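Visitor: Below: sequence and its predicted model.
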Amino acid sequence: MACFFLKKEAAPVDAAFASTCQVRLLAGTRPGLLLAVRDFGPGVDAEQLARLTEPFYRTDSARQRATGGVGLGMYLCQLVAQAHGSRLQVDNAAPGLCVQLLLKE
């Protein structure tokens with residue numbers, strides 16, 4: 001399955017990224033839209049899942065700022081979700097990680 005940016009004309013992203021990620025936008029029986037983003041990496045230790053949306057939290061203590069990330073991405077996503085009256089649901093997807101957001105009408 002390819003990974004697509006969500007816009008009027010869906011455009012495939014880089015092939016290397018597409019093989020490791022899925023982005024789905026679903027309209028179901030509940031009011032609103034469900035946005036789900038999943039990768040197929042190793043996932044996250046169960047103890048760390050609840051902390052992923054904390055500011056400056058990074059799962060790999062060996063990572064340095066120079067090698068990528070400061071731990072704000074998931075925190076900012078959580079703030080956007082809260083601003084829309086929602087929250088992020090973060091789960092291991094075996095393999096990978098799945099982050100879901102219900103956008104209410």
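Guide: Great, that's in hand.
Visitor: check contacts around F56.
Guide: 70-72, 75 (Cβ atoms under 8 Å, 6 or more residues apart in numbering). In this view, the C-beta of every residue, glycine as well, is placed from N, C-alpha and C.
Visitor: and if you look at P42?
Guide: 95-96 are the contacts of P42 under Cβ under 8 Å, 6+ apart.
Visitor: Let's see which of the contacts of F56 end up in helices.
Guide: Of the contacts of F56, the ones assigned to helices by DSSP state H are Y75.
Visitor: Format the contacts of F56 as a markdown table; extra columns: pLDDT and neighbour count.
Guide: What follows is the contacts of F56, written out as a markdown table (pLDDT from 0 to 100; neighbours: other Cβ atoms under 10 Å):
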| residue | pLDDT | neighbour count |
| --- | --- | --- |
| V70 | 79 | 11 |
| G71 | 84 | 16 |
| L72 | 89 | 14 |
| Y75 | 92 | 16 |
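Visitor: got CSV for the contacts of F56, with distance to E105 too?
Guide: Below are the contacts of F56 laid out as CSV (distance: Cβ to Cβ, whole Å):
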residue, distance to E105
V70, 34
G71, 32
L72, 29
Y75, 26
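Visitor: of the contacts of F56, closest to L26?
Guide: Y75 (24.7 Å; Cβ to Cβ).
Visitor: The closest one contacts E54, doesn't it?
Guide: Yes. Y75 lies in contact with E54 (Cβ atoms under 8 Å); the separation is 6.4 Å.
Visitor: and the helix or strand encompassing L25, how far out from the chain's middle?
Guide: L25 is part of strand 21-27 when elements are defined by DSSP states H and E. Its chain's C-alpha centre and that of strand 21-27 lie 11 Å apart, by Cα atoms, centre = their mean, to the nearest Å.
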